[in-house]
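Asks: could you work out the structure for the sequence below:
(one chain, ligands or ions: 1)
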Amino acid sequence: MIQVNLTNMQSFVTPNYETELAARVRDAHDKLQLGTGAGSDYIGWVRLPADYDKDEFARIKAAAAKIQSDSKALVVVGIGGSYLGARGVIECLCSANYNLKKKNTPNIYFAGNGLSSDQLSEVVELIGDDDFSVNVISKSGTTTEPAVAFRFFRKLLEEKYGVEEAAKRIYATTDRARGALKTLADEAGYETFVVPDDVGGRYSVLTAVGLLPIAVAGVDIDALMAGAADMMNTCAKPELAANPAWQYGAARYELYRTGKKIEVLAAYEPNFRFMCEWWKQLYGESEGKENKGLFPASVEFTADLHSMGQYIQEGERHLFETVVRLGASNTTNVIPFDTVNGDGLNFLAGKDMDFVRQQAMDGTLLAHVEGGVPNIIVNVDKLSAYSLGELIYFFEYSCGISGYLLEVNPFDQPGVEAYKKNMFALLGKPGYEELRAALLAKLNG
Ligand code: PA5
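Replies: This next block holds a predicted model:
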């Protein structure tokens, strides 16, 4: 169960802000539930944990089993919402060192999420002679980064296995009916999975976009969906006391109104790093528009207490923290006694690492609040596919609430086009000649 603790942000906001915001939160909730708000063509994710395509879900499992049996590596080609969720879940549940571990499941390499030649070469080198498959994920089917990477990996597969066999190792997750990738997949005979029309990239982790790579890594996707479904039912409750997404959405909006412009998501678990990246995209792309929106940042504690801790404690007071507190670790490590005690740490001997981490969490919380940093705590049960499913849905729903409170469309991303237009013009794409001339004039002074 997700539980939101707002005790440590209360002194920074007006005591009755929840009452003041109640009608607006309720209105935001109704927009999500009834599909009456801006961007309502893209709220398929709201009912997704119950209303997903069960036949496709079975095909995802079958494809994952096939990849596990015929491949030592899976290359996941996608960018933004087409890869961050899968990477977040896999690293969180299977470790950031997943590829280095001894296991019965394939290594998973993420490609096409940038334009680094060296990164591309490195993935090719790491695959080496291993049998591999490719899951190319692009809703539009035309995004430059994954399309470029897919050319390389498709060629590699075709050279290794021949065109016909290669086609059996390519899985395309894309639009149901449209787009360049869908056309190519149909022509070449790739197995295809659907990014539903009404689910945008950053809300798509619980569709085939996330589920296929996650299943290949051996994660229980039934449990992931069950957690999300239970949280969906919780978030449907129209009352603040019973709805953690209302509590979090209202609290972060209120902090924003009081001048806190940056939200720092913190976790005391290194494997949570890519969940933070997923969260940053979710909130940044949903809210950062019309010159509004909290800037979403993230830190990994306690490591970053030794780098960002100084700023958080004493820098400009324009931020607040949201700390994801994960339940007990899966392992127990008791600190050994040392007869010499040169480091003076024998007072910790016999204590386990979770106990020490807990005191670090509490000590940091008190110090940061004292230093003027409001803290929201999101308590999560012991980390599992189920609890991560709950957390994913919780953040998605809160984001919808929060976006509507901010009075923006939480489901579009018009600003992403600006860099693309300039890049295409500078690359000489036909149709961009005028813009190219203007940009070159600027660049050359
Ligand atoms: O959330 C989004 O919509 C974006 O991050 C997209 O997922 C990203 O730009 C990739 O788009 P596509 O899946 O069309 O290649």
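
Asks: now the strands for the stretch 301-445 of the chain?
Replies: 319-325, 375-379 (DSSP state E, counting those that start in this stretch).

Asks: would you format those as TSV with mean pLDDT, distance to the ligand and mean neighbour count included?
Replies: Placement of C-beta: from N, CA and C, glycine included. Below are the strands of the stretch 301-445 of the chain laid out as TSV (pLDDT from 0 to 100; distance: least, C-beta to the nearest ligand atom, whole Å; neighbours: other C-beta atoms under 10 Å):
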stretch	mean pLDDT	distance to the ligand	mean neighbour count
strand 319-325	98	21	23
strand 375-379	98	22	20
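
Asks: wait, is residue 238 part of a helix?
Replies: No - under DSSP: H, G, I helix; E, B strand; the rest coil, residue 238 sits outside any helix and is assigned coil.

Asks: nearest to residue 172, out of the strands of the stretch 301-445 of the chain?
Replies: Closest to residue 172 of the strands of the stretch 301-445 of the chain, according to C-beta to C-beta: strand 319-325, at 33.2 Å.

Asks: name the residue of the stretch 301-445 of the chain that lies nearest to the ligand.
Replies: Residue nearest to the ligand within the stretch 301-445 of the chain (C-beta to the nearest ligand atom): residue 413, separated by 5.6 Å.

Asks: what's the local residue count around that residue?
Replies: 19 (other C-beta atoms under 10 Å).

Asks: contacts only, for the nearest residue to it once chain neighbours are set aside.
Replies: In space, and not counting its chain neighbours, residue 413 is closest to residue 285: 4.9 Å by C-beta to C-beta, 6 or more residues apart in numbering. Contacts here follow C-beta atoms under 8 Å, 6 or more residues apart in numbering; on that basis residue 285 touches 80, 81, 202, 413, 416.

Asks: would you mind checking those residues for buried ones?
Replies: Buried subset of the contacts of residue 285 (neighbour count, 16 or more other C-beta atoms under 10 Å): 80, 81, 202, 413.

Asks: which one of those is nearest to residue 117?
Replies: Using C-beta to C-beta, these come closest to residue 117 at residue 80, 20.1 Å.

Asks: which residues touch the closest residue to the ligand within the stretch 101-250 of the chain?
Replies: The ligand sits closest to residue 201 of the stretch 101-250 of the chain, with a gap of 2.2 Å, by C-beta to the nearest ligand atom. Going by C-beta under 8 Å, 6+ apart, residue 201 touches 80, 81, 82, 139, 195, 209.

Asks: if you set the cut-off to 10 Å instead, what comes out?
Replies: 42, 78-85, 137-140, 143, 195, 207, 209, 281-282, 285, 413, 416 (C-beta atoms under 10 Å, 6 or more residues apart in numbering).

Asks: confidence score at it?
Replies: On pLDDT, residue 201 comes in at 96.

Asks: over to residue 412?
Replies: 93.

Asks: roughly how far does it sit from residue 222?
Replies: 32 Å (C-beta to C-beta, to the nearest Å).

Asks: convert whichever helix or strand the residue nearest to residue 413 is part of to PDB, retaining C-alpha atoms only.
Replies: Secondary structure assigned from DSSP states H and E places residue 285 in helix 273-287. Provided in PDB are the C-alpha atoms of helix 273-287 (Å, rounded to 0.1, in the frame of the first residue of the first chain):
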ATOM      1  CA  ARG A 273      17.700   5.700 -10.200                       C
ATOM      2  CA  PHE A 274      15.800   5.000 -13.500                       C
ATOM      3  CA  MET A 275      12.400   5.100 -11.800                       C
ATOM      4  CA  CYS A 276      13.500   8.700 -11.000                       C
ATOM      5  CA  GLU A 277      14.300   9.200 -14.600                       C
ATOM      6  CA  TRP A 278      10.800   7.900 -15.600                       C
ATOM      7  CA  TRP A 279       9.200  10.100 -12.900                       C
ATOM      8  CA  LYS A 280      11.100  13.200 -14.200                       C
ATOM      9  CA  GLN A 281       9.800  12.600 -17.700                       C
ATOM     10  CA  LEU A 282       6.300  12.000 -16.500                       C
ATOM     11  CA  TYR A 283       6.100  15.200 -14.500                       C
ATOM     12  CA  GLY A 284       8.400  17.400 -16.600                       C
ATOM     13  CA  GLU A 285       6.700  16.700 -19.900                       C
ATOM     14  CA  SER A 286       3.200  16.800 -18.300                       C
ATOM     15  CA  GLU A 287       3.500  20.000 -16.400                       C
END
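
Asks: need the next SSE after it, C-terminal direction.
Replies: strand 295-300.

Asks: strands paired with that next one, and their directions?
Replies: The strands beside strand 295-300 in its sheet (DSSP bridges) come out as strand 262-267 (parallel).

Asks: now do the partner strand and strand 375-379, the angle between them.
Replies: Here strand 262-267 points in a direction 40 degrees away from that of strand 375-379 (axes from the mean of the first three to the mean of the last three C-alpha atoms, to 10 degrees).

Asks: mean confidence for strand 262-267?
Replies: Rounded mean pLDDT across strand 262-267 is 98.

Asks: quick check: buried residues in that strand?
Replies: 263, 264, 265, 266, 267.

Asks: tabulate the residues you listed (TSV), appending distance to the ligand.
Replies: Listed next are those as TSV, based on distance: C-beta to the nearest ligand atom, whole Å:
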residue	distance to the ligand
263	19
264	22
265	18
266	23
267	22
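
Asks: please list the residues of the chain that sit near the ligand.
Replies: With C-beta under 6 Å from any ligand atom as the criterion, the chain comes near the ligand at residues 79-82, 138-140, 143, 146, 200-202, 285, 413.
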